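Undergrad: got a predicted model here, sequence first, then my questions.
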Protein chains: 2
Amino acid sequence: MNSLKDIGEFGLIERIRHKLRPGTSVVKGIGDDAAVIKFSGDKYLLLTCDMLVEDVHFSLTTATPYQIGHKALASSISDIASMGGLPKEALISLGISPGRSVGFTDQLFNGLRKLAAEFKISLVGGDITRSKKLVINICLTGRVKKKNLLLRSGARFNDAILVTGRLGGAGRGKHLRFRPRLKEARFLVNKFKINSMIDISDGLVQDLAQITRESNLGALIYQRDIPVSARSSLKSALEDGEDFELLFTMSKNEARRLLKNYPRIYTTPVKMIGQIIKQKEIFLIDKNGIRRKLGLKGWRHF
Amino acid sequence: MNSLKDIGEFGLIERIRHKLRPGTSVVKGIGDDAAVIKFSGDKYLLLTCDMLVEDVHFSLTTATPYQIGHKALASSISDIASMGGLPKEALISLGISPGRSVGFTDQLFNGLRKLAAEFKISLVGGDITRSKKLVINICLTGRVKKKNLLLRSGARFNDAILVTGRLGGAGRGKHLRFRPRLKEARFLVNKFKINSMIDISDGLVQDLAQITRESNLGALIYQRDIPVSARSSLKSALEDGEDFELLFTMSKNEARRLLKNYPRIYTTPVKMIGQIIKQKEIFLIDKNGIRRKLGLKGWRHF
């Protein structure tokens, strides 16, 4: 019998996904940053959840409880942002050792509450249980205007591929204090016609592959245009998980209009890094102009 | 500095709860079986989540993966039922060791899918991550007609206290295969005026105390009327967690009408076990007619 390591996270998800028969309330189930549910005449309900586990997503030797609370909620906000939506209500499940101090959970909830207040999110419930390793699960809802909904599957042939911020800095603690790109996503969705969007949680190449696979297309990116973080490397920029930047596609005309007027959205830089192609592969044009096929390396949960 | 053990689960929840400022979308935040959110003209959205941790809520030596999947979703369905609502969409977060077999997760998801299909719940998303101990978090949404919403805080002085099923069997495996009382709750809410309801997850006395505390009242229950499971004990019936029966209050007139016409709802027995009183304590009248004050013993997460 195969183990989960053999089929991988995506293999497992596909295995589950194809067996499901979603009900009539479901607009989009498994396979995007958040599920999309019928809500009102002009809006959808968004639902997403993220589980963080001690010594997998953070270590208590390098992260403070405040940072862990911040990261847990920030990851989910990033998912709602990349759907074009606004976050609204959060449920927090906490598995924690009874020997932890009250001060520890106070700090953890301070990290959560501060971010929740900033993004106008209501903490409405949750569950608390014993667990040797610290486990936090955030379930976050959002609302999105129907016309603003952004899916991974919306990319079109010849679209420009763009990215916010700089990539590859997650390993040096950025993943513990990053600010989800909600303002930037709201700006983009309100002022431009975006065709597809995802947040970079598993690495640029792997998340780009989610867009191309769901859109049934491929992509070509240029090494010279990839915004690599200071003191990081191309490899990190391509493969590191947890950058939590926005990766999106739009027509080249729209991209030109965006970059001409807004090379930065607020203070966040935006870069065009490539284009959508028909061939269902992901290619990198390196500094010498040589085209290289990229393997789907990136953060692997298994 | 105090540890969580010192302040307990409820102490921690209160500590978090009083610091929150819920937004305008929130009808009822922390403090009931599910959060209540504005949805449409005549309906609310319900949100609940439950985290199950290996060796706390189940053991892999006595529970099959199918039973674990079943239990995880059933606990959340029970929460939506006790609010008077219908379950709709579920998100599943799974922390699991990469060495587990594909067959193990297939069985776990079979347990989830079978129950989801029976209760017309759509599995719309989730998260999968590495974890040494198996952790499952279910986030379940529901819908409830505004007029059907049942809160813990609705109990009134002199209400009859009623319970479905038999209590105290959880320890012998019932908690792994129980059927959430959704049909029964729907029946009650559609045909009778129920004032308050909760599902028994932490033990009869402790969950009754949630109703009386939120309603600012007390309760008196009669030992002779408590439906103790076969081969169980009064102590188990009073204190064991995870019975997942419905505990509810209604006027005595309504209770008489219910019991006269429906001593069983479908095949589930219903018993009147006591009444709501003004004194903010919980009393048991024992077999000799002696009144005893009950301490809040029951399932403790810390």
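TA: Sure, I can see it. Numbers count the residues shown, from 1 in each chain, chains lettered A, B, ... in the order given.

Undergrad: hmm, residue A:28 and residue A:46 touching each other?
TA: No. Between residue A:46 and residue A:28 there is no contact under C-beta atoms under 8 Å: 9.5 Å. (C-beta placed from N, C-alpha, C; glycine too.)

Undergrad: how about the helices in chain A?
TA: A:4-17, A:65-81, A:102-118, A:174-177, A:182-191, A:204-215, A:234-239, A:252-261 (DSSP state H).

Undergrad: output these in CSV, with mean neighbour count and distance to chain B appended to each entry.
TA: Converted to CSV, those look like this (neighbours: other C-beta atoms under 10 Å in any protein chain shown; distance: least, C-beta to the nearest C-beta, whole Å):
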stretch, mean neighbour count, distance to chain B
helix A:4-17, 17, 4
helix A:65-81, 25, 9
helix A:102-118, 19, 5
helix A:174-177, 18, 14
helix A:182-191, 19, 15
helix A:204-215, 22, 14
helix A:234-239, 19, 18
helix A:252-261, 14, 29
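
Undergrad: dump these into CSV; add mean pLDDT as well.
TA: What follows is the helices of chain A, written out as CSV (pLDDT from 0 to 100):
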stretch, mean pLDDT
helix A:4-17, 80
helix A:65-81, 96
helix A:102-118, 94
helix A:174-177, 78
helix A:182-191, 97
helix A:204-215, 95
helix A:234-239, 91
helix A:252-261, 97
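
Undergrad: picking up where we left off before, which one's more surrounded, residue A:46 and residue A:28?
TA: Between residue A:46 and residue A:28, counting by other C-beta atoms under 10 Å in any protein chain shown, residue A:46 is the more crowded of the two (29 against 20).

Undergrad: look up which residues are beta-bridged to that one.
TA: residue A:36, residue A:142 (DSSP bridges).

Undergrad: identify the residues contacting it.
TA: By C-beta atoms under 8 Å, 6 or more residues apart in numbering or on different chains, the residues touching residue A:46 are A:34, A:35, A:36, A:37, A:80, A:83, A:85, A:141, A:142, A:143, A:144.

Undergrad: among the residues you listed, which ones are buried?
TA: A:34, A:35, A:36, A:37, A:80, A:83, A:85, A:141, A:142, A:143, A:144 (16 or more other C-beta atoms under 10 Å in any protein chain shown).

Undergrad: residue A:132: neighbour count?
TA: By other C-beta under 10 Å, 16 other residues sit near residue A:132.

Undergrad: tell me the pLDDT at the closest residue to it other than its chain neighbours?
TA: Spatially, and ignoring its direct neighbours in sequence, residue A:132 is nearest to residue A:97 (6.0 Å; C-beta to C-beta, 6 or more residues apart in numbering or on different chains). Residue-level confidence at residue A:97 comes out at 95, pLDDT.

Undergrad: distance of residue A:97 from residue B:94?
TA: 21 Å (C-beta to C-beta, to the nearest Å).

Undergrad: same deal with residue A:148?
TA: Residue A:148 is 30 Å from residue B:94, by C-beta to C-beta.

Undergrad: and the buried ones among the contacts of residue A:46, which is closest to residue B:71?
TA: residue A:35 (22.8 Å; C-beta to C-beta).

Undergrad: re the thing from before, can you put the helices of chain A in TSV and add distance to residue B:126?
TA: As requested, these are arranged in TSV below (distance: least, C-beta to C-beta, whole Å):
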stretch	distance to residue B:126
helix A:4-17	9
helix A:65-81	12
helix A:102-118	21
helix A:174-177	21
helix A:182-191	22
helix A:204-215	16
helix A:234-239	24
helix A:252-261	33
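
Undergrad: residue A:120 is in contact with residue B:23, isn't it?
TA: Yes. Using C-beta under 8 Å, residue A:120 is in contact with residue B:23, at 6.2 Å.

Undergrad: these two: which has the busier surroundings?
TA: residue B:23 (15 against 12).

Undergrad: who's in contact with the more buried one?
TA: Residue B:23 touches A:88, A:89, A:120, A:121, A:122, counting by C-beta under 8 Å, 6+ apart.

Undergrad: what sits against the third one?
TA: By C-beta under 8 Å, 6+ apart, the contact set of residue A:120 is A:87, B:23.

Undergrad: how about 10 Å then?
TA: Going by C-beta atoms under 10 Å, 6 or more residues apart in numbering or on different chains, residue A:120 touches A:86, A:87, A:88, B:23, B:24, B:25.

Undergrad: quick one: which of those sit in strands?
TA: A:86, A:87, A:88 (DSSP state E).

Undergrad: just these that are near chain B?
TA: residue A:88 (C-beta under 10 Å from any C-beta of the partner chain).

Undergrad: from the ones in strands among the contacts of residue A:120, pick the one nearest residue B:202.
TA: residue A:88 (28.7 Å).

Undergrad: what pLDDT does the closest residue to the closest one other than its chain neighbours get?
TA: Nearest residue to residue A:88, sequence neighbours excluded (C-beta to C-beta, 6+ apart): residue A:141, at 5.0 Å. On the pLDDT scale, residue A:141 is placed at 98.

Undergrad: let me know whether residue A:141 touches residue B:45 as I believe.
TA: Yes. Counting by C-beta atoms under 10 Å, residue B:45 is a contact partner of residue A:141 at 8.1 Å.

Undergrad: overlap in contacts of the two?
TA: In contact with both residue A:141 and residue B:45: A:37, A:39, A:45, A:89, B:25, B:35, B:37, B:141, using C-beta under 10 Å, 6+ apart.

Undergrad: tell me the residue in chain A that is farthest from the middle.
TA: residue A:99 (33.4 Å; C-alpha atoms, centre = their mean).

Undergrad: for that one, give me phi and psi.
TA: phi -80, psi -10 (degrees, to the nearest 10).

Undergrad: in contact with it, which residues?
TA: A:132, B:3, B:4, B:5, B:302.

Undergrad: all set, thanks.
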